[in-house]
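Asks: Predicted coordinates and the sequence they were generated for:
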Amino acid sequence: MNHHSRKAVLTIIMLLTVLGLFGCGGSTDKRAAEKIEEALQAKYGEEFVVEGLGGGYSTMSNNRLKAVVYPKNAPNTRVNVQITKDLKQVYDDYVNIKVAQAAKGPIEHIVKALWPDGKVSITNDAGLNDADDKDTSMSYEEFVKLHPENWQLVYVFLNSADYMDAQGRMNQEAEIQKFDRLARQLSASKYLRSSIGVYYLTPEAYSLFEEAERSKTSVLNYYDDLKEKDGKVSLVTGITYDLADNGGPSKDKAAFDEQFELWKNVREAIK
């Protein structure tokens, strides 16, 4: 499973957690929610609100109860949390989120130099952190040293109308050169272990990006849900690649051309 697919699966699991309000019973759920809010406030010095609690005590999560919370001062930021059955240990991914939020501005600056209309979504896919891992001000470079298993998911969203002619054709050569430059600039800025997705949206879908960011799911899943709900195509072309060890993209021109070709029918259908 590649990094993009893994992220989509993790998002689905999170949503099922929010919706699955079952498990150990009402009174224990209430105590767990109170303990989670208390522990996170003590850890980060911020107030948090439990939005969803459930998923049960499974052996896959070491007998932990799962939850989704948000900081009281940032209700659109959703944090994955697990608490042990004895209610003594709380694990969360808030540091991952804060590091990603701090990286967004610098990476967005890089992206806009290549694609002026570029909008960026960033996620770190490292696991949950224990009580000692609470430095929300660390840089991405410091974060990766602590979590070498992490992949930073850098998703760029573009208005396809700016890159496609009336016949659905794109200047693939120019776009591939931008993919290369993005990878090398991320590497030069120490954003190592980055997995990149460049997504060309219909003008209508592009206009909904801010709404997608505020949704309870990932931006990509928001657009997938739109397609399922309304039957409208949001994604015209999607190109994915990783940052290679040499600082460039993990795919060559032929591989990128192949990805463009896979989306040719979609571009021609919506031209």
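Replies: Structure received.

Asks: Domain-wise, how is the protein divided?
Replies: 3-92, 96-270 (automatic domain parsing).

Asks: Chain neighbours aside, what residue packs nearest to residue 212?
Replies: Nearest non-adjacent residue to residue 212, counting by CB to CB, 6 or more residues apart in numbering: residue 222, 3.9 Å away. In short, each C-beta sits where N, CA and C put it, glycine included.

Asks: Need the phi and psi values for the one you found.
Replies: Phi and psi for residue 222, reported as degrees, to the nearest 10, are phi -60, psi -50.

Asks: next one: residue 155
Replies: Dihedral angles of residue 155 (phi, psi; degrees, to the nearest 10) stand at phi -110, psi 130.

Asks: Could you pull up the residues touching it?
Replies: Each residue near residue 155 by CB atoms under 8 Å, 6 or more residues apart in numbering is listed here: 120-123, 196-197, 199, 219-220.

Asks: how much space is there between it and residue 182?
Replies: Look at residue 155 and residue 182: by CB to CB, to the nearest Å, they are 12 Å apart.

Asks: tell me, what's touching these two both at once?
Replies: residue 196.

Asks: Now do the buried residues in the helix ranked longest in the chain.
Replies: Longest among the helix segments of the chain by residue count, using DSSP state H, is helix 94-114. By 16 or more other CB atoms under 10 Å, the buried positions in helix 94-114 come out as 94-100, 102-103, 107-108, 110-111, 114.

Asks: and for the helix or strand that that helix is followed by, what are the contacting residues?
Replies: Going down the chain from helix 94-114, the next helix or strand is strand 119-124, by DSSP states H and E. Residues outside strand 119-124 that contact it (CB under 8 Å, 6+ apart) are 7, 93, 96-97, 99-101, 103-104, 107-108, 111, 143, 147, 150-158, 206, 209, 213, 218-219.

Asks: Quote the end-to-end distance of stretch 78-93.
Replies: Using CA to CA, to the nearest Å, one end of stretch 78-93 lies 9 Å from the other.

Asks: Number the residues from 35 up from this point.
Replies: Sounds good: first residue 35 from here, last item stretch 112-127.

Asks: List the buried residues for it?
Replies: The neighbour-count criterion (16+ other CB under 10 Å) identifies 112-118, 124-127 as the buried residues of stretch 112-127.

Asks: just curious, which of those residues is nearest to residue 198?
Replies: Distance to residue 198 across the buried residues of stretch 112-127 (CB to CB) is lowest for residue 112, with 33.5 Å.

Asks: how about the closest one, what does it touch?
Replies: Going by CB under 8 Å, 6+ apart, residue 112 touches 48, 85, 102-104, 250.

Asks: Quick check: phi and psi on it?
Replies: Per-residue torsions, residue 112: phi -110, psi 130 (degrees, to the nearest 10).
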